[in-house]
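Asks: Quick one: sequence plus predicted model below, questions after.
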Amino acid sequence: MAGKATARGAALALIRAVMEGGQTLAEAEPALLAPLAAPDRARAGRLVRATLRRVEPCDRVLAPRLRKTPPPAVLALLRLALTELSLGAAPHGVVNEAVDLARADRKTAHLAGLVNAVLRGLPEGDPLAGQPVQKLPRWLRQPLVHAWGREAVAGMEAVQAGEPPVDLTLRAGATATPEGDALPSGSLRLREAGQLSALPGYEAGQWWVQDAAAALAVRLLAPRPGERVLDACAAPGGKTLQLADAGAEVTALDVSAARMERVGENLARTGLTARVVVADALDWAPDGPFDAILLDAPCSATGTIRRHPDLPFVKDGSEVAGLVALQARLIDRCLGWLRPGGRLVFCTCSVLPEEGEGQLGAALARHPGLRVGWVDLAGVEPGWWTGDGGLRLRPDYWADRGGMDGFFMARLEASELGR
């Protein structure tokens with residue numbers, strides 16, 4: 001379906017890129033959003049994410065209104081329209097543009113009447129009201145139910161069904177900040193995000209966007225002024241900024257040159273400093289040992305589905321085993337860069353135990369000289385710590401405040417390691 005240069009047209013093209021093309025939004029958005037002005041790019045991004053959070057509820061509403069499943073392009077268009085109506089958009093405009101989008105593609109033009117009939121036949125009000133929230137895919141839901149139970153997983157799904165809030169990490173001594181609610185952990189949760197670059201303190205570099213759960217990793221590492229610290233797998237750089245703001249001598253390492261450009265931009269905006277290195281951690285070697293290392297390892301990103309609702313549609317779990325092996329290699333390599341008595345915080349934005357609790361247990365078994373350290377972290381409830389001393393964060397924590405990203409993190413202290 002030929003998407004028009006409108007927010008709705010771009011959102012439709014993005015939904016199809018995910019659902020039919022198997023692309024992540026990160027892969028598809030640069031090209032498909034390029035023709036739009038900035039406000040329309042933002043609106044298209046919101047629309048596609050809202051739709052991907054509602055695929056199952058939309059299909060439940062559509063099923064009794066369709067004699068047979070329409071082509072994927074038309075189904076995507078109907079899901080988008082239902083989502084817009086559910087969000088309170090004017091029905092007349094939603095229906096008219098949905099019909100126009102159907103007519104714009106010769107492959108679907110003959111079904112424009114169907115689109116019109118289905119949408120005009122909906123009752124007034126929110127067409128998705130009362131529908132159960134979307135479930136996680138089976139490959140992910142089953143191990144999570146096994147790990148934490150159905151009630152916990154249902155809580156995660158409820159949080160992931162909503163628009164995630166925007167959290168900020170504030171620079172030490174920040175004086176100009178947007179309106180928001182202070183979270184127990186020290187992050188600031190915005191009441192209304194809007195255009196971030198227009199908010200107080202942005203130009204002065206007094207804060208940066210970072211989920212409250214992600215911000216806890218640096219607090220667990222507890223860097224001290226003057227320490228030599230490595231941020232391995234550093235992009236997009238929120239943790240690098242935290243480390244630099246704490247006064248550490250920071251090396252930021254990442255394999256992606258494009259993503260490290262963003263790190264450099266954020267360092268410049270905040271006036272913070274770090275040595276930026278583009279290299280593969282499996283090949284790179286430092287010029288001396290580090291006092292502390294933060295390893296935010298590549299992972300399935302299953303803890304960030306509330307922010308990336310495309311992931312359940314483009315992943316099937318087949319990549320997890322390879323990621324677990326890579327994480328173990330990175331842990332071992334980073335441990336070799338620590339000075340005696342140094343510390344490593346390993347973390348992943350995953351809710352899968354094999355990328356967290358299992359990884360910690362395996363590392364302790366491989367390295368008898370390791371021990372798990374503990375830091376008293378503000379806002380962290382006792383039940384979030386695991387029996388081995390790791391910190392398990394789940395999307396359903398702080399559900400009444402909007403939840404948090406799913407993370408696992410552990411502080412490993414190298415007392416001996418064969419040295």
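Replies: Noted; the coordinates are in hand.
Asks: can you give me the helices in the stretch 251-400 of the chain?
Replies: Ranges of helices within the stretch 251-400 of the chain are 257-270, 311-314, 320-335, 357-366, based on DSSP state H, counting those that start in this stretch.
Asks: Hmm, C233 and S256 touching each other?
Replies: No - if you go by Cβ atoms under 8 Å, S256 and C233 don't touch, sitting 9.4 Å apart. For the C-beta atoms, the positions are set from N, CA and C on the backbone; glycine is no exception.
Asks: hang on, the earlier thing: same list (the helices of the stretch 251-400 of the chain) but as JSON lines, adding mean pLDDT.
Replies: Shown next, in JSON lines, are the helices of the stretch 251-400 of the chain (pLDDT from 0 to 100):
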{"stretch": "helix 257-270", "mean pLDDT": "94"}
{"stretch": "helix 311-314", "mean pLDDT": "96"}
{"stretch": "helix 320-335", "mean pLDDT": "98"}
{"stretch": "helix 357-366", "mean pLDDT": "97"}
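Asks: re earlier: so between S256 and C233, which is more surrounded?
Replies: C233 (21 against 15; other Cβ atoms under 10 Å).
Asks: Without its sequence neighbours, what residue ends up closest to the more buried one?
Replies: Ranked by Cβ to Cβ, 6 or more residues apart in numbering and with sequence neighbours excluded, the top spatial neighbour of C233 is D296, at 5.2 Å.
Asks: Output the below-cut-off pLDDT ranges for the chain.
Replies: Within the chain, the stretches with pLDDT under 70 are 1-4, 416-419.
Asks: can you give me the strands in the chain?
Replies: 167-170, 180-182, 188-190, 207-209, 228-232, 249-254, 275-278, 290-296, 338-348, 370-373, 391-393, 407-414 (DSSP state E).
Asks: Enumerate every residue touching the spatially most central residue of the chain.
Replies: Using Cα atoms, centre = their mean, the residue of the chain that lies closest to the mean C-alpha position is T304, 3.3 Å off. Listed by Cβ atoms under 8 Å, 6 or more residues apart in numbering, the contact set of T304 reads 211, 311, 349, 405-406.
Asks: Likewise for G237?
Replies: Contacts of G237 (Cβ under 8 Å, 6+ apart): 252, 260, 262-263, 266-267.
Asks: can you do 6 Å?
Replies: Contacts for G237 (Cβ atoms under 6 Å, 6 or more residues apart in numbering) come out as 263, 266.
Asks: and the gap between it and E29?
Replies: Distance from G237 to E29, counting by Cβ to Cβ, to the nearest Å: 20 Å.
Asks: same check, this time on W208
Replies: Here the criterion is Cβ to Cβ. By it, W208 lies 21 Å from E29.
Asks: quick one: which of the two has more around it?
Replies: Set W208 next to E29 and count neighbours by other Cβ under 10 Å: W208 wins out with 24 against 20.
Asks: Just the closest of the contacts of T304 to A325, please.
Replies: A325 lies nearest to C349 out of the contacts of T304, by Cβ to Cβ, at 18.0 Å.
Asks: dump the residue contacts of the closest one.
Replies: Contacts of C349 (Cβ under 6 Å, 6+ apart): 301, 303-304, 405, 407.
Asks: neighbours around the residue nearest to C233, how many?
Replies: Neighbours of D296 (other Cβ under 10 Å): 23.
Asks: Show me which pair in the contacts of C349 is furthest apart.
Replies: A301 and F407 (10.7 Å).
Asks: quick one, which of these two is more surrounded?
Replies: Ranked by neighbour count (other Cβ under 10 Å), A301 and F407 place F407 first, with 27 against 20.
Asks: and the gap between that one and V95?
Replies: Using Cβ to Cβ, one obtains 42 Å as the distance from F407 to V95.
Asks: G21 now?
Replies: Taking Cβ to Cβ, one finds G21 at 26 Å from V95.
Asks: Which one's more surrounded, these two?
Replies: With neighbours defined as other Cβ under 10 Å, G21 and V95 compare such that V95 has more, 19 against 13.
Asks: wait, the more buried one sits on A117?
Replies: No - at 10.1 Å, V95 does not count as touching A117 under the criterion of Cβ atoms under 6 Å.
Asks: what number of residues lie near D400?
Replies: Around D400 there are 5 other residues, counting by other Cβ under 10 Å.
Asks: got a list of what it touches?
Replies: Applying Cβ under 6 Å, 6+ apart, we find D400 in contact with no residue.
Asks: how does this protein divide up, domain by domain?
Replies: Per the record, the chain has its domains at 7-120, 211-414, by automatic domain parsing.
Asks: got CSV for those, with distance to A161 too?
Replies: Listed next are those as CSV, based on distance: least, Cβ to Cβ, whole Å:
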stretch, distance to A161
domain 7-120, 6
domain 211-414, 8
